[in-house]
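1. here is my input; please provide its structure:
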Amino acid sequence: MSTQQGALSAPSTDAAPTLSPYAQALGGAVAELHPGLQRYFSEVPDGAVGRGRGTFEVVGTPRRWLWPLLAVLARWGVLFPAHEVDVPFAVENRRSATGVLHAVRRFEFRSGPREMTDAVHFRNGRVVDVLGVGGRLRVAFDATVRQGALALSSTSVGLRAGRVRLRIPAAVAPRARVVERFDEATGRQRVRFTLDAPLLGRIYEYEGSFVYEIEQETPA
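-> Below is the predicted model:
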């Protein structure tokens, strides 16, 4: 099985669960991250939750002809048919006993709140992000550190339909990129996500900033 195929198979649980998938993928390079990013990408301790709140300056795409497809992805909790500015959002990160990082992002769109869910794994040296309800979308990323920022670039994209997993051919697969950096001037973490498709160009994006803290989970 090739590395790319392995990235789309069931995530391994062999890696040490105390480290986040990002830290495992980066190895020693995790120390090169800006100190303001260390808490976000190193680990979430047992019994704790990472919480962030901020504003996205832009979310979505102005290409309304893409919105019917995005409406399907919205039902899966992945992407949304929207193009809005100054969107408040919140994120919560929790680590499972097997080292998987589970995140819920809540977008306060003018049309109403939406939630995006994902589970981040470490597999074959890569970050593998399983997105949406039922893990419908699976994206493998190469992770690098550039001038203190984390850069993720997708290497493969797969879809799950029932029990069937389909890998989108590289020639037509969209390319996802994420850059997370720390803005010392504002003391906030910044994130930029872009999704580009062959021939079509930019089909989705979001960009904004937030503050992040790791807190003890409040008992129910």
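
2. what comes up buried for stretch 161-174?
-> For stretch 161-174, a neighbour-count test (16 or more other C-beta atoms under 10 Å) marks 167, 173-174 as buried. Placement of C-beta: from N, CA and C, glycine included.

3. of those residues, closest to residue 119?
-> Nearest to residue 119 among the buried residues of stretch 161-174 is residue 167, at 18.4 Å by C-beta to C-beta.

4. output the lowest mean pLDDT helix or strand found in this structure.
-> Ranking every helix and strand in the chain by mean pLDDT, DSSP states H and E puts helix 3-7 at the bottom, with a mean of 36.

5. from what I can see residue 58 touches residue 85, true?
-> Yes: taking contacts as C-beta atoms under 8 Å, residue 58 lies within contact range of residue 85: 5.4 Å.

6. biggest helix in this structure by residues?
-> helix 67-76 (DSSP state H).

7. tell me the mean pLDDT for the helix or strand just after that helix?
-> Moving toward the C-terminus from helix 67-76, the next helix or strand (DSSP states H and E) is strand 83-95. Mean per-residue pLDDT for strand 83-95: 96.

8. residue boundaries of the helices in this structure?
-> Going by DSSP H, the chain shows helices at 3-7, 21-26, 35-42, 67-76.

9. for those helices, give me CSV that also has mean neighbour count.
-> Converted to CSV, the helices of the chain look like this (neighbours: other C-beta atoms under 10 Å):
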stretch, mean neighbour count
helix 3-7, 17
helix 21-26, 24
helix 35-42, 17
helix 67-76, 14
